[in-house]
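# I would like the atomic coordinates for the input below:
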Amino acid sequence: MADVQVDVSKEWDVIVIGSGIGGATAANYLAKQGLEILILEKGKRVSASIDQDEYASPEERLARGWWPVVVSQKRSGGPPVRFFAPVGCAVGGTSIHYAAALERMAATDFQALSTERGRTSAWPITYAEFVPFYEAAEKLYRVKTIFDAAAISRLSDWDKAMMDNLRSRGLRPDLLHVAINYDEYCLECTGRICPRSCKADAMSACLEEALRQPTCQLLENCEVQSLEADTKRVRAVHVIHEGRRASLKARIVVLCAGAFQSPVVLLKSANNVWPDGLANRSGQVGRNLMFHTSDVFAVWAPRRFDRRGRQKKAISVRDYYLHHGTRLGYVQSMGTDIGQGAIAAHLKNILRRMGVRSELLLSVLVKLPSHLAAAILGNASVFAAMTEDDPHPDNRICLDPGEPNSAYFVYTISEDLRRRADALRSVFTADIKPWRLVSLSPTLSMNYGHPCGTCRFGDDPGTSVLDKNCKAHGLANLFVVDSSFMPRSGAVNPSLTIAANALRVAPVIAMSARA
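Numbers count the residues shown, from 1 in each chain. As a prediction, the model looks like this:
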């Protein structure tokens with residue numbers, strides 16, 4: 001799979017921009033249809049042997065497969081906060097680093113939603129229509145959805161006791177759906193690159209097979225600058241590859257740069273025909289940016305249990321997804337034991353997002369709190385709670401040539417979201433007694449690795465960017481196939497939904513390429 005030099009005079013059947021979950025899943029299907037596919041990736045292949053510290057210099061981050069440029073968040077009443085978002089930039093995208101939790105959204109997530117911030121239309125397809133594609137994505141990414149005695153045997157005594165305790169409280173805990181093959185050599189590479197392809201990510205599950213097809217090629221170190229379009233079609237993709245500018249052509253363009261970068265590409269592609277940005281006649285490109293809450297807890301048992309187990313990222317609790325009519329959210333174990341190093345890393349992460357840049361100062365600030373927390377918590381495990389974020393047009397991606405990435409985002413946590421996240425923490429704390437919980441998050445923070453919603457799909461071109469098949473309104477040959485399409489965020493990692501949606505629209509893309 002060596003990098004290639006591309007004939008710029010060639011017209012491809014499909015150009016796929018981005019090799020993360022959306023791009024790789026779509027490319028895998030399209031390549032197996034015999035179509036000529038060119039995949040463009042800003043990053044490069046990254047080895048599992050490389051130190052995975054994501055908070056290095058921009059050059060070191062890119063070498064490790066992380067997005068190299070700081071993102072800027074603007075909030076009212078203060079200067080921008082700049083930080084490195086936990087977003088990948090490599091062949092395979094963020095998925096090569098992910099913890100491989102692939103859970104389905106709920107049927108209620110596909111419905112219309114009315115909140116104090118406005119009304120969100122229902123998805124233009126139903127949950128029942130989407131289920132076959134969830135099943136296909138689970139098969140492609142090797143997600144085990146039926147748990148037998150062998151699966152239970154992978155759990156530690158601690159996790160088994162925790163699940164028994166939750167059941168005794170009337171809850172229905174389940175094993176977490178993860179894309180990991182727990183063979184005898186499995187290292188459970190959650191949050192880091194897997195050296196054995198035991199973890200199914202966009203690279204191992206999709207790209208390796210796609211690139212074995214003679215008609216599929218990958219161009220690494222290739223940054224897309226803009227798309228050139230007329231009134232009906234994208235005519236060229238302008239890129240910088242290895243420091244050289246080029247223009248590439250295809251019958252179909254599939255934009256899969258992620259919910260941060262896909263709207264940036266569209267907005268930077270403004271021209272006389274599309275003065276507000278490509279596919280932006282609705283004015284919705286970049287708007288309705290959503291994340292999930294990232295509330296992290298330490299949970300420990302009333303007595304010590306053996307924590308050794310082959311599957312540490314084990315427990316899933318969906319009982320609070322819709323709790324007495326309120327969308328509280330979802331709780332899962334993170335597969336991490338409490339230790340000074342883990343606590344220090346988490347606290348540093350929070351402080352970085354608050355604008356602290358000095359690594360020396362960060363180390364000083366977290367040393368005592370992490371030491372005390374580790375001493376107090378002892379035999380504990382880390383859990384994470386996610387609450388569904390709601391779309392709002394003022395939460396958005398905006399262009400600004402003065403910013404490090406020529407763009408920034410505006411985002412404000414709503415009071416309703418804070419109330420629901422607080423309620424989730426309270427009810428979970430009560431329901432796990434006599435087990436105990438301590439929050440590791442000093443304030444409610446957002447998971448900036450789960451952006452979605454910035455090019456949402458819908459039937460009405462006046463309120464959406466894409467149609468039900470994720471084709472841009474007004475353009476015959478542009479599709480957007482990443483988390484941008486989602487009208488609602490749900491309360492689970494979006495990866496499985498992105499993959500399922502890519503499998504859903506890939507046949508439509510193939511048909512368009514052959515038309």
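# need the contact list for Val16.
Residues in contact with Val16 (CB atoms under 8 Å, 6 or more residues apart in numbering) are Gly23, Ala26, Ala27, Leu30, Ile37, Leu38, Ile39, Leu40, Val254, Cys256. Using the backbone N, CA and C atoms, a C-beta is placed for each residue, glycine as well.
# Now it: which helix or strand?
strand 11-17 (DSSP states H and E).
# And for Phe409?
Short version, using DSSP H and E: Phe409 is in strand 407-410.
# One more: Ser247?
Using DSSP H and E, Ser247 maps to strand 244-255.
# Partner strands of that strand, with direction?
Here strand 244-255 has these sheet partners by DSSP bridges: strand 11-17 (parallel), strand 234-241 (antiparallel), strand 478-480 (parallel).
# Specify the angle between the next helix or strand after the strand holding Val16 and strand 244-255 in degrees.
Using DSSP H and E, the helix or strand that follows strand 11-17 in sequence is helix 21-32. Counting by axes from the mean of the first three to the mean of the last three CA atoms, to 10 degrees, helix 21-32 lies at 90 degrees to strand 244-255.
# for helix 21-32, packing partners?
strand 11-17, strand 37-40, helix 127-140, helix 202, helix 208-210, helix 495-514 (3 or more CB pairs under 8 Å, 6 or more residues apart in numbering; DSSP states H and E).
# Save those as a markdown table, and put in distance to Phe260 and mean pLDDT too.
Converted to a markdown table, the helices and strands packed on helix 21-32 look like this (distance: least, CB to CB, whole Å; pLDDT from 0 to 100):
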| stretch | distance to Phe260 | mean pLDDT |
| --- | --- | --- |
| strand 11-17 | 13 | 98 |
| strand 37-40 | 17 | 98 |
| helix 127-140 | 22 | 98 |
| helix 202 | 17 | 98 |
| helix 208-210 | 24 | 97 |
| helix 495-514 | 14 | 98 |
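# for those, which one ends up most surrounded?
Ranked by mean neighbour count under mean count of other CB atoms under 10 Å, the helices and strands packed on helix 21-32 are led by helix 202, which reaches a mean of 32.
# Centre of the chain to it, how far?
Averaging C-alpha positions (CA atoms, centre = their mean, to the nearest Å) puts helix 202 12 Å from its chain's average.
# if I pick Arg436, what's in contact with it?
When contacts are counted by CB under 8 Å, 6+ apart, Arg436 is found next to Val299, Trp300, Pro302.
# Of those, which is the most crowded?
The most neighbours of any of those, using other CB atoms under 10 Å, belong to Val299, which has 22 neighbours.
# So that one versus Lys348, what's the distance?
22 Å (CB to CB, to the nearest Å).
# lowest average confidence, helix or strand, in this protein?
Every helix and strand in the chain was compared by mean pLDDT, DSSP states H and E; the lowest is helix 340-353, with a mean of 70.
# which outside residues touch stretch 221-230?
3, 17, 40-44, 234-242, 245, 247, 253, 255, 257, 265-266, 268-269, 271, 273-274, 278, 475, 478.
# Tell me which two in the contacts of Val16 are the farthest apart.
Farthest pair in the contacts of Val16 (CB to CB) is Leu30 and Leu40. Separation: 14.1 Å.
# Quick one: neighbours of His241, just the number.
19.
# Then the one 5 residues further on?
For Ala246, the number of neighbouring residues by other CB under 10 Å comes to 17.
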